[in-house]
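1. okay, predicted coordinates and the sequence, questions at the end:
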Amino acid sequence: STDSAILSSVNSIISGSDDSTIVGSSGSLIDGIKLGTIIGGFKGKIMGPIVSQSENHSNLILGGWTNTISGSAGGSNNKGYLMGNAIIGGSTNQIKSATQASNDSFTNLAGNTIIGSYFSKITGSKFSSVIGGAYNNIFSSSYSAIIGGYVNTIEKKEGVVIIGATGNKGVNNYTTYVEN
């Protein structure tokens, strides 16, 4: 790991990750990512898929508890990339590749954000966000968001927004859902 640093941290590791930093964290890991950053928090993980570091960069975890950004999908020949994703605060949140059955899968994760949520996931998606709430999930979607609420899901859609609802599923592209 060239030009990487671990500062004021306990039991943290940077492996195969150039220009990466862990600051003031405990038990955190950055593996296979260029320009990965973890600041504060406990057991944050940023892990890249099996491609060059140049395609996996600029991912951030800021605080929180056991948050993970991972491009590691099934298959040893994964060709996806992991760029510009962030988890800020919260607990047990994940931004990750979709599990692939094929050894030649292609999954790109770019521009996703989870802020201050609890047990929320963005899986196999691009340019999507979960802000607050708990147990909210975005799967294989783009340009979508869940703002607050509980147990909401957006799956295989584009441009869907769910605001402050409970148990909603985004079923139509380019639609906003709110609690009635």
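-> Yes, it's here. Numbers count the residues shown, from 1 in each chain.
2. name the residue closest to the centre of this protein, please.
-> When Cα atoms, centre = their mean is applied to the chain, the residue found nearest the centroid is residue 95 (2.1 Å).
3. can you name the residues that contact that residue?
-> Each residue near residue 95 by Cβ atoms under 8 Å, 6 or more residues apart in numbering is listed here: 68, 69, 70, 85, 87, 109, 112, 114, 121, 122, 123. Every C-beta, even on glycine, is put in place using the N, C-alpha and C of the backbone.
4. show me just the buried residues among these.
-> The neighbour count (16 or more other Cβ atoms under 10 Å) marks 68, 69, 70, 85, 87, 109, 112, 114, 121, 122, 123 as buried among the contacts of residue 95.
5. just the residues you listed: which has the poorest pLDDT?
-> The member of these with the lowest pLDDT is residue 109, and it reads 86.
6. out of the buried ones among the contacts of residue 95, who's nearest residue 10?
-> residue 68 (18.7 Å; Cβ to Cβ).
7. in the chain, which spans are helices?
-> For the chain, no helices are identified by DSSP state H.
8. re earlier: redo the buried ones among the contacts of residue 95 as a markdown table? Include distance to residue 148.
-> Output for the buried ones among the contacts of residue 95, formatted as a markdown table (distance: Cβ to Cβ, whole Å):
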| residue | distance to residue 148 |
| --- | --- |
| 68 | 22 |
| 69 | 22 |
| 70 | 25 |
| 85 | 21 |
| 87 | 17 |
| 109 | 23 |
| 112 | 18 |
| 114 | 13 |
| 121 | 16 |
| 122 | 16 |
| 123 | 20 |
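9. inside strands: which ones of those residues?
-> Members of these lying in strands (criterion: DSSP state E): 68, 69, 70, 87, 109, 114, 121, 122, 123.
10. wait, what's in contact with the fifth one?
-> Residue 109 makes contacts with 69, 71, 80-83, 85, 95-97, 122, 124-126, as judged by Cβ under 8 Å, 6+ apart.
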